[in-house]
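the following block contains a protein sequence and its predicted model.
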Amino acid sequence: MDKSALNVGTGEVRSAHRFDPVPLEAWMESHVEGFAGPLRIEQFKGGQSNPTYKLVTPDRDYVLRRKPPGPLLPGAHAVDREYRVICALAGQGFPVARSFGLCLDESVIGTPFYVMEMVQGRIFWDPAFPEIAAAERPAYFDAMNATIAALHRIDPQEAGLGDYGKPGNYFARQIARWSRQYREDEAAGRIAAMDRLGEWLPANVPPDEPQPRIIHGDFRCDNMIFHPEHPQVIAVLDWELSTLGHPLADFSYHLMMYRMPDALAGRDLAALNLPSEADYVAAYCRRTGRDGIADLDFYMAFNLFRLAGILHGIKGRLIRGNAASAHAAEMVEKLEPLAELAWAQAVKAGARE
């Protein structure tokens, strides 16, 4: 089954994520201008971390994202941070969904949540954009490239996000964070490649950048909503991993689409009329005033390690019974191959086998 079949659309709210809709409807009436029930609740199929719901009313639809119920790792699933960043970025003209309200009162649905608009557009799950005519695909890639470059040009201080993350030492802090979460989630077990990466990465961190930027943390084509008809990104979704950090960590994560076996790796880019990795990097560098990207292999190893850490967390939540996605088990099957791929990238960057 392909990614779109697994992730597109909504269904009945899964048993682990159900709540009483009556208090939510009362909260919406008090906090969301123009809201009018009755309210029907569905759950989106996608979303591995924070459960995401479609709120259906006679006049319009909304989206609700909440912290999942049950035991959680400290600091994870901070929906208040998501809400803060989309509000701030909207003020900078960056494409995000309009926000309607944040609720930290757990008595309403059991965990904190926020409500935003339901943006109407297209989401593409395959970075080859097979739904788009070959002649038009370069424009869609250019739209993604322009969007992430625009994010990295925003001054965090001007956006009111100067304290959105710790300044400096981004890679060292992130490696320590994901290593700690990996070690502490004992239910999910240990993986030899992850252990090796946890030792190699902190010893090989490239020089930091003087100015941190707002980074998304999970910038992929399926976390963007495109205009219904044109190659334009109208909303970037899923800001849970956003922070202040190194923009090249963010861009290289996005660039992994070229190296992932279930994405573009091994595919004939010329036949698909897609830009090469080198051309895509060059376009980003032109937009952000860079003269190429040194240490790209390290950035790739780091991001693959980080992605494996995310899947390791999903495995832990699956074992504990509070995984947000209906297909978490299928995602977890990719954990060990991804960890091995991360270590192979580290070897390419200079690690000893």
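On my side now, so go ahead. Keep in mind it's a predicted model, so treat the numbers as computed, not measured.

mind giving me the domain split of this protein?
With domains defined by automatic domain parsing, the chain comprises 3-117, 134-348.

nearest to residue 123, of these?
domain 134-348 (5.8 Å; CB to CB). C-beta coordinates here come from the backbone N, C-alpha and C atoms, glycine included.

can you tell me which residues contact the nearest residue to residue 81 once chain neighbours are set aside?
Spatial nearest neighbour of residue 81, excluding adjacent residues (CB to CB, 6 or more residues apart in numbering): residue 242 at 7.1 Å. By CB atoms under 8 Å, 6 or more residues apart in numbering, the residues touching residue 242 are 81, 82, 85, 164, 214, 215, 216, 217.

roughly how far apart are residue 242 and residue 122?
23 Å (CB to CB, to the nearest Å).

for residue 86, same thing?
For residue 86 relative to residue 122 (CB to CB), the value is 20 Å.

again with residue 56
20 Å.

how about residue 213?
27 Å.

between these two, who's got more neighbours?
residue 213 (22 against 15; other CB atoms under 10 Å).

my read: residue 159 touches residue 92, true?
Yes: Residue 159 is within contact range of residue 92, at 5.1 Å (criterion: CB atoms under 8 Å).

now the one helix or strand residue 278 maps to, how far from the centre of its chain.
If you go by DSSP states H and E, residue 278 is part of helix 277-288. Here helix 277-288 is found 21 Å from its chain centre; the criterion is CA atoms, centre = their mean, to the nearest Å.

stretch 36-45 too?
For stretch 36-45, the distance to the chain centre is 24 Å (CA atoms, centre = their mean).

what's the end-to-end length of it?
25 Å (CA to CA, to the nearest Å).

buried residues, it. List them.
Using 16 or more other CB atoms under 10 Å as the test for burial, stretch 36-45 gives 39, 41, 43, 44, 45.

lowest-confidence entry in these?
Among the buried residues of stretch 36-45, residue 45 has the lowest pLDDT, at 79.

separation between that residue and residue 312?
Applying CB to CB, the value for residue 45 to residue 312 is 22 Å.

quick one: which of the buried residues of stretch 36-45 is nearest residue 318?
Closest approach to residue 318 among the buried residues of stretch 36-45 (CB to CB): residue 45, at 15.7 Å.

how close does that closest one sit to residue 125?
When residue 45 is compared with residue 125 (using CB to CB), they lie 11 Å apart.

go on, residue 341?
Distance from residue 341 to residue 125, by CB to CB: 20 Å.

can you pull out the strands in the stretch 101-250 of the chain?
113-117, 213-215, 224-226, 233-236, 243-245 (DSSP state E, counting those that start in this stretch).

name every strand pairing with the longest one and say which way it goes.
Which is strand 113-117. strand 61-66 (antiparallel), strand 99-103 (antiparallel) (DSSP bridges).

tell me the pLDDT at the residue nearest to residue 61 when sequence neighbours are not counted?
The shortest distance from residue 61 to any non-neighbouring residue, by CB to CB, 6+ apart, is to residue 118 (4.0 Å). The per-residue pLDDT reported for residue 118 equals 95.

go on, residue 327?
Reading off the model, residue 327 has pLDDT 72.

so what pairs up with residue 224 in the strands?
Assigned bridge partners for residue 224, using DSSP bridges, are residue 236.

from memory it sits against residue 144, does it?
Yes: judged on CB under 8 Å, residue 224 makes contact with residue 144 at a distance of 6.8 Å.

need the residues touching each of the two.
residue 233.

helices along the stretch 101-250 of the chain, start to end?
In the stretch 101-250 of the chain, the segments counted as helices under DSSP state H, counting those that start in this stretch are 137-153, 170-184, 192-200, 247-255.

quick one, which of those helices gets closest to residue 291.
helix 247-255 (12.8 Å).

could you list the buried residues of the helix or strand just after the closest one?
Sequence-wise, the next helix or strand downstream of helix 247-255 (DSSP H and E) is helix 269-272. For helix 269-272, a neighbour-count test (16+ other CB under 10 Å) marks residue 269 as buried.

residue numbering should commence at 17 henceforth.
Noted, 17 is the first residue going forward, which turns the last one into helix 285-288.

who touches helix 285-288?
144, 150, 153, 291, 292.

just the buried ones from those residues, in ChimeraX syntax?
Applying 16+ other CB under 10 Å to these leaves a buried subset, and the ChimeraX line that selects it is:
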select :144,153,291
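
and the strands paired with strand 129-133, which is most packed in?
The highest average neighbour count among the strands paired with strand 129-133, using mean count of other CB atoms under 10 Å, belongs to strand 77-82 at a mean of 21.

can you give the contact residues for that strand?
40, 44, 48, 63, 66-71, 95, 98, 113, 116, 125, 127-134.

so how far is whichever helix or strand comes after that strand from its chain's centroid?
Using DSSP H and E, the helix or strand that follows strand 77-82 in sequence is helix 95-107. What separates the centre of helix 95-107 from the centre of its chain is 14 Å, taken as CA atoms, centre = their mean.

cool, thanks, talk later.
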